[in-house]
Structure formats: structure tokens, C-alpha cells
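# Structure for this input, please:
(one chain, ligands or ions: 1)
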Amino acid sequence: MFSTLHKALLFSHDKVACEDYEPRIDPVPFGAGDDETIIKIVRLIKNNEPLGATIYLNERTGCVEIARVLHGGAAYRSAGLLNAGDEIHEINGEPVQGLEPDKIVAMLSEVSGSVTLKLVPCMRTNLGRKTKLKVRCLFSFDPGTDEHIPCREAGLAFKMGDILEIVNDEDATWWQALKMEEPVLATSDVPPVPPARRSASSATTPGSGGTVTPIPARLVPSKHYQERINQSMSLQSQDSQTDKVEEDHVPHSTEWRLFVLGENRFVVVVVVVVLHLVVFSDFDTDEIPTYEEVELYHPKHPLKIFRPIIFIGPPGVGRNELKRRLKASNPQHFEEVVPYTSREKRPHEEDGKEYNFLSRDEMESQIVAQKFVEFGEYKGNLYGTSLESIKSVIQKGKVCLLAPHTQALKFIRTAELRPYIIFIKAPDMERMKFTRLEQHARGTHNESTPPFTAEELRDITEMSAKMEERYSHLFDAVIINDDLLEAAGSLIKMAAKIEREDQWVPVGWAY
Ligand SMILES: Nc1ncnc2c1ncn2[C@@H]1O[C@H](COP(=O)(O)OP(=O)(O)OP(=O)(O)O)[C@@H](O)[C@H]1O
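Modelled structure (predicted):
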């Protein structure tokens with residue numbers, strides 16, 4: 001049986017439930033003719049969240065327009081109240097026709113409380129192609145130093161190796177993206193393993209008791225645009241470069257022209273939105289290679305197929321030393337690839353143990369048949385590593401260890417092998433001398449090689465820097481081989497994590 005209190009409660013509930021709390025949109029005014037323009041009036045009330053939109057001056061029409069609505073931001077969540085292509089005609093009753101976007105940004109930031117915008121809405125129906133592309137950045141980008149970005153404040157800074165989620169790739173030159181996690185390319189010895197499937201499009205606000213606030217997407221150069229920038233950079237000596245880049249930005253005015261012609265009716269729509277007026281102004285753009293599409297790889301494979309670990313670095317930096325130490329940490333689990341050679345077998349050697357022995361003719365025909373990921377000649381004999389031997393180690397359920405030449409990466413970095421590539425980096429020259437000279441370290445190609453000279457060590461550090469600059473987009477991790485024990489310890493921990501934690505891999509590599 002209901003008490004009076006219960007009844008009162010239910011009555012109140014029903015009453016509240018019957019009310020309409022949506023923003024009230026006035027009906028089309030009586031007598032609106034077919035030749036009148038649609039006007040939208042949007043009232044914004046400041047809070048602490050950025051608006052998440054950019055504006056620009058359409059030089060053809062002389063109107064300031066909303067250039068972009070950033071995915072996930074306040075304007076985006078206003079469910080269509082502000083759209084890309086909307087023309088801004090008045091701010092708090094003041095006409096803004098012909099004003100520079102900077103001036104409008106200043107007007108908006110001076111306003112306190114609320115502001116009313118009179119807009120001519122964009123009639124475009126297909127607003128913003130959305131995508132969920134995950135990419136690894138193969139270059140670094142800093143909107144603060146980029147002179148062509150349409151809006152610096154809306155730019156997303158990233159480093160080579162960062163993973164981005166591209167949420168809108170509609171624009172030919174600027175995509176909208178969210179950062180997925182910390183850089184994959186670690187410059188320390190910590191493996192850059194991503195957190196398992198964290199959503200990039202939302203985050204828990206500190207102190208908000210667990211409520212989730214969407215993070216607005218930000219602008220990053222599109223793949224196409226970045227490729228053009230790279231081409232321009234390589235043609236820098238030729239004067240045409242600047243013109244090319246400028247050309248890329250002309251689309252702005254033409255792009256929007258299609259959508260502002262509008263329809264011929266007059267409608268006044270009054271809506272109230274709670275938004276903060278950090279409106280970004282528009283400028284225009286520049287920067288290197290681009291993005292690689294990635295997906296999450298979960299290493300727990302039932303058949304125990306492990307990613308091979310590939311050691312890349314300048315000769316003499318310690319790739320083989322570290323490889324040996326990793327193998328020694330668990331000889332049953334790690335296995336080095338047995339190379340092929342055309343040299344004579346020595347009495348103490350066993351075929352298939354130190355080397356696989358082949359005649360020179362056999363080896364040459366296998367090289368021609370592209371069976372080797374790398375090969376070379378030393379003292380008149382051929383040496384090489386075959387793709388089949390790498391695969392046979394993987395199929396045995398062992399972790400294959402290999403320290404090839406960098407050129408071999410193009411044969412090894414495939415969906416079939418799924419290698420985890422570690423760059424063994426030289427420390428600075430002072431540490432290089434301290435660690436190597438004391439240990440009488442020497443190149444291992446020949447036992448009679450004398451210890452490294454200071455000059456050879458300098459060559460190693462210089463080559464290390466050059467390799468890193470040239471190939472770092474291919475590395476999954478970096479280990480600085482300073483103190484040998486520490487470097488080996490980091491490597492062993494890293495190898496364990498590779499088997500345990502999810503990793504970003506090029507798309508098509510995951511099972
Ligand atoms: N961190 C280190 N501190 C001191 N000595 C080191 C360190 N790392 C490697 N070495 C020594 O440096 C020498 C060269 O190392 P290693 O043979 O592993 O180089 P590599 O990169 O494999 O080059 P290569 O292919 O020419 O052999 C060896 O004597 C090795 O013991």
C-alpha cells in the first residue's frame with residue numbers, strides 16, 4: 001500500500017517526466033517567404049571547456065565561417081548547432097561582415113557570460129566523413145612551429161612513433177586526430193607497449209568522480225599533404241616549392257563556396273548551448289614521411305608463435321654481445337639463426353650448428369632465387385641468412401634472434417615474420433670510451449682484431465646517430481648500450497614484455 005509520501009513522489013516524478021526540457025525552437029515565422037535566407041541564432045554560455053571549432057575568412061564571400069568542428073569537442077557535441085561552413089553574421093547584435101578572424105576571436109574572448117551568434121547555416125548534408133583509422137607517426141609534428149597550419153591552437157603535437165586515432169579524414173590537407181598513448185619509439189630502455197585497448201576518444205577527468213569527458217580531436221597534417229610537403233622539401237633548391245605549398249591551401253575558399261549558396265527561406269531558430277568561447281583563428285600550413293596504419297597485436301598465441309627479435313645498430317655497437325646475453329638468459333627459449341656459408345667446413349664444425357655449409361654454386365643460385373634476407377662476401381667466401389632458417393626457428397616455438405644489416409629489414413619486416421626491431425644505440429662519445437676502452441672491446445669479425453681505437457669508437461657513435469635519423473620509423477624500441485650489464489638487463493625485461501603485452505603493429509600483422 002502506498003503512503004501519501006509515495007504518492008506525492010510518484011506524482012512529482014510523472015509531472016517531471018511529462019515536461020519537455022529540450023531547447024525550444026520557435027516555429028517558422030508566419031509569412032516567411034521562399035526567397036529569404038535561413039538564419040540560425042545560437043546562444044553560447046561560457047564554461048571552462050574549449051568550443052572546439054576553428055573559423056576562417058572566406059575571401060570570396062567576405063564572410064567569416066566555421067572552418068572545422070573538432071571531433072568530440074563542445075561544438076561537435078552540440079548536435080549540429082554549429083557546423084563547418086556556417087557563416088557568422090553577427091556577434092551580440094554587432095555585424096561582423098568583412099572582419100578578420102583574429103578580430104572575431106578577440107571579440108569572442110572579451111565577452112563574459114553569454115554571447116549570441118547570428119549564423120547563416122551551411123546547407124551541406126554530408127558533414128564530416130568519420131573514420132577510426134589508427135596510425136603510427138613516421139615523422140614528428142609541432143603545430144607551434146608550423147607556419148601553414150590553419151589554426152595553431154587546434155593542432156596536435158606528436159613525435160615519430162606516436163600512435164594516433166584519425167577520427168576525421170574528410171579534409172584533404174588536415175585530418176582530425178586523437179593521441180592514443182605514449183610514444184611507441186622509446187628512447188630509453190623501457191619497451192613502448194600500449195595499454196590494452198584504451199579508448200582514445202574519452203578520458204576520465206581528474207577530480208570528476210569518474211565522469212567521462214570526450215577529448216576534442218585536433219588537427220594533424222593529412223598523409224597526402226605531408227607527402228607533398230616532403231616532395232617540396234626535397235625540391236627545396238628549386239624555387240617552385242613555396243608556390244606548391246601555397247597552392248595546397250587554395251581549396252579553403254573553393255571548398256566552402258559550394259555550401260554557402262544556401263536556400264531561400266527565412267527561419268529564426270533560437271537555441272541555447274553551454275559552451276566556452278575559445279575559438280581558434282585560422283592561418284595556413286607545413287612539414288616529413290607520413291603515417292603507417294597500425295592495429296593492436298595480442299601476443300598470447302595458442303601455438304606459441306613468438307615475434308623474432310631483430311637487433312639493428314652500427315657494427316661494433318654491441319648487437320651480438322647483447323644477443324648472446326639474451327640467449328644465455330634462457331637458452332631453451334631463444335635461438336639464433338644459423339647462417340649459411342660457402343667456405344670449407346673446419347674439422348671441429350658441425351653442419352647446421354655454427355653454419356649451414358653449401359657450395360658456392362648452390363649459394364649463388366639461392367641468392368638469385370632471393371632465398372636470403374642478407375648475404376655478403378668475406379675473404380672470398382659467401383655468407384648469408386636465409387628466410388627459411390628464420391621461419392624454421394619461429395615454427396619450432398622459439399624466439400628467433402637475429403642481428404642483420406639494416407638493408408635486410410625490407411625482407412624481414414613483413415606480416416609473415418612480425419619482427420620486433422630493437423635499435424642498439426651508441427651512448428655519447430665520453431661513455432663510449434669509458435665503457436669500451438676499459439674493457440678492451442674489439443670488433444668480433446676477426447679474433448685477431450685489435451681493441452677499438454678512439455677514432456673507431458667515434459665512427460660507431462656517428463653512424464649510430466645517422467642510422468637513427470634514417471631508420472628510426474622502423475624501430476619498435478631503442479636500447480642505449482652504455483653499461484653492458486644494464487643494457488642486457490633491460491633487453492631481458494623487454495623480451496619478456498614483448499611476449500606478454502599488446503603491441504601496435506602494422507595493419508595486417510595481427511592474427
Ligand atoms: N656496453 C658495452 N661495454 C663494453 N663493451 C661492450 C659493450 N657492448 C659490447 N661490447 C664489446 O664491444 C665489442 C663489439 O661488440 P659486438 O661484437 O657485439 O658488436 P656488433 O654490434 O655485433 O658488431 P659486429 O657485427 O662488428 O660484431 C665486443 O668486444 C663486445 O664485448
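# Buried residues of stretch 107-124, list them for me.
M107, L108, V115, L117, K118, L119, V120, P121, C122 (16 or more other C-beta atoms under 10 Å). Every residue, glycine included, has its C-beta placed from N, CA and C.
# just how off-centre is it within its chain?
33 Å (C-alpha atoms, centre = their mean, to the nearest Å).
# Also stretch 158-167?
2 Å.
# What is the end-to-end distance of that stretch?
16 Å (C-alpha to C-alpha, to the nearest Å).
# Mean pLDDT per element in this structure, and the minimum belongs to which helix or strand?
helix 251-257 (a mean of 28; mean pLDDT, DSSP states H and E).
# pLDDT below threshold where in the stretch 351-500 of the chain?
444-447 (pLDDT under 70).
# Buried residues, stretch 410-429. List them.
411-412, 417-427.
# Mind checking which of these land in strands?
Taking DSSP state E, the ones among the buried residues of stretch 410-429 that sit in strands are Y420, I421, I422, F423, I424, K425.
# Can you lay out those residues as CSV showing distance to E59?
CSV is the format used below for those (distance: C-beta to C-beta, whole Å):
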residue, distance to E59
Y420, 51
I421, 48
I422, 51
F423, 48
I424, 54
K425, 49
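# Just the pLDDT for G98.
G98 is assigned 78 on the pLDDT scale.
# State the three-state secondary structure for it.
coil (DSSP: H, G, I helix; E, B strand; the rest coil).
# Can you pull the phi/psi pair for the nearest residue to it once chain neighbours are set aside?
Distances taken as C-beta to C-beta, 6 or more residues apart in numbering place G62 nearest to G98, at 5.3 Å, with adjacent residues excluded. Backbone torsions for G62, taken as degrees, to the nearest 10, come to phi 80, psi 10.
# Does G62 touch Q97 like I think?
Yes. With contact defined as C-beta atoms under 8 Å, G62 reaches Q97; the gap is 6.3 Å.
# distance of V393 from V505?
Plainly put, V393 is 19 Å away from V505 if you go by C-beta to C-beta, to the nearest Å.
# now do A369
For A369, the distance to V505 - C-beta to C-beta - is 28 Å.
# quick one, which of the two is more surrounded?
V505 (21 against 8; other C-beta atoms under 10 Å).
# what residues are up against the more buried one?
Contact analysis of V505 by C-beta atoms under 8 Å, 6 or more residues apart in numbering lists V294, E295, L296, Y297, R418.
# Go through those and say which is closest to the ligand.
Taking C-beta to the nearest ligand atom as the measure, the ligand lies nearest R418 of the contacts of V505, at 23.2 Å.
# Can you name the residues that contact that closest one?
Contacts of R418 (C-beta under 8 Å, 6+ apart): Y297, R307, P308, V505, W509.
# could I get the residues you listed as TSV with secondary structure?
Formatted as TSV, these follow (three-state DSSP):
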residue	secondary structure
Y297	strand
R307	coil
P308	coil
V505	strand
W509	coil
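# For V507, which non-adjacent residue is closest in space?
Per C-beta to C-beta, 6+ apart, closest to V507 is E293, 4.2 Å.
# SS state for the one you found?
Under three-state DSSP, E293 comes out as strand.
# One more: I104?
helix.
# Count the neighbours of it for me.
For I104, the count of nearby residues is 18 (other C-beta under 10 Å).
# so it makes contact with A53?
No. Using C-beta under 8 Å as the test, I104 is too far from A53 to be in contact (11.8 Å).
# and stretch 407-427, how far out from the chain's middle?
19 Å.
# Repeat that for stretch 319-339.
32 Å.
# In the stretch 201-350 of the chain, where is pLDDT below threshold?
In the stretch 201-350 of the chain, residues with pLDDT under 70: 201-215, 234-288, 301, 303.
# that older thread, most neighbours of all the contacts of V505, which one?
V294 (23 neighbours).
# Can you get me the start-to-end distance on stretch 169-180?
Its start and end residues considered, stretch 169-180 measures 17 Å (C-alpha to C-alpha).
# Report the buried residues of that stretch.
So for stretch 169-180, counting by 16+ other C-beta under 10 Å, buried means D169, E170, D171, T173, W174, W175, Q176, A177, L178, K179, M180.
# what's the helix or strand for N83?
Counting by DSSP states H and E, no helix or strand carries N83.
# Look at the closest residue to it other than its chain neighbours and report its pLDDT.
Nearest non-adjacent residue to N83, counting by C-beta to C-beta, 6+ apart: C122, 5.3 Å away. At C122, the pLDDT value in this model is 74.
# so what's the closest residue to L82 other than its chain neighbours up against?
Among residues not flanking L82 along the chain, A75 sits closest, at 4.4 Å (C-beta to C-beta, 6+ apart). Counting by C-beta under 8 Å, 6+ apart, A75 touches L51, G52, A53, I66, V69, L81, L82, L275.
# and what of P314?
A426, D459, I460, M463, S464, M467.
# Is the fifth one located within a helix, as I assumed?
Okay, so that is S464. Yes. According to three-state DSSP, S464 belongs to a helix.
# which residues does it contact?
Contacts of S464 (C-beta under 8 Å, 6+ apart): G313, P314, V317, K425, A426.
# ok, the buried residues of stretch 410-429 vs the ligand, which is closest?
I424 (6.6 Å).
# Quick check: the closest one touching G316?
No. Counting by C-beta under 8 Å, G316 is not a contact partner of I424; they are 10.4 Å apart.
# follow-up on the earlier one: relative to F334, how far out is the residue nearest to N83?
Taking C-beta to C-beta as the measure, C122 falls 60 Å from F334.
# So which residues on the stretch 401-511 of the chain come close to the ligand?
A403, T435, R436, Q439, A441, R442, G443, T444, H445, N481, L484, A487 (C-beta under 6 Å from any ligand atom).
# what does the chain give?
So the chain meets the ligand at 313, 315-321, 403, 435-436, 439, 441-445, 481, 484, 487 (C-beta under 6 Å from any ligand atom).
# at 5 Å instead, please
The chain has residues 315-321, 435-436, 439, 441-444, 481, 484 near the ligand, with proximity defined as C-beta under 5 Å from any ligand atom.
# Thank you, goodbye.
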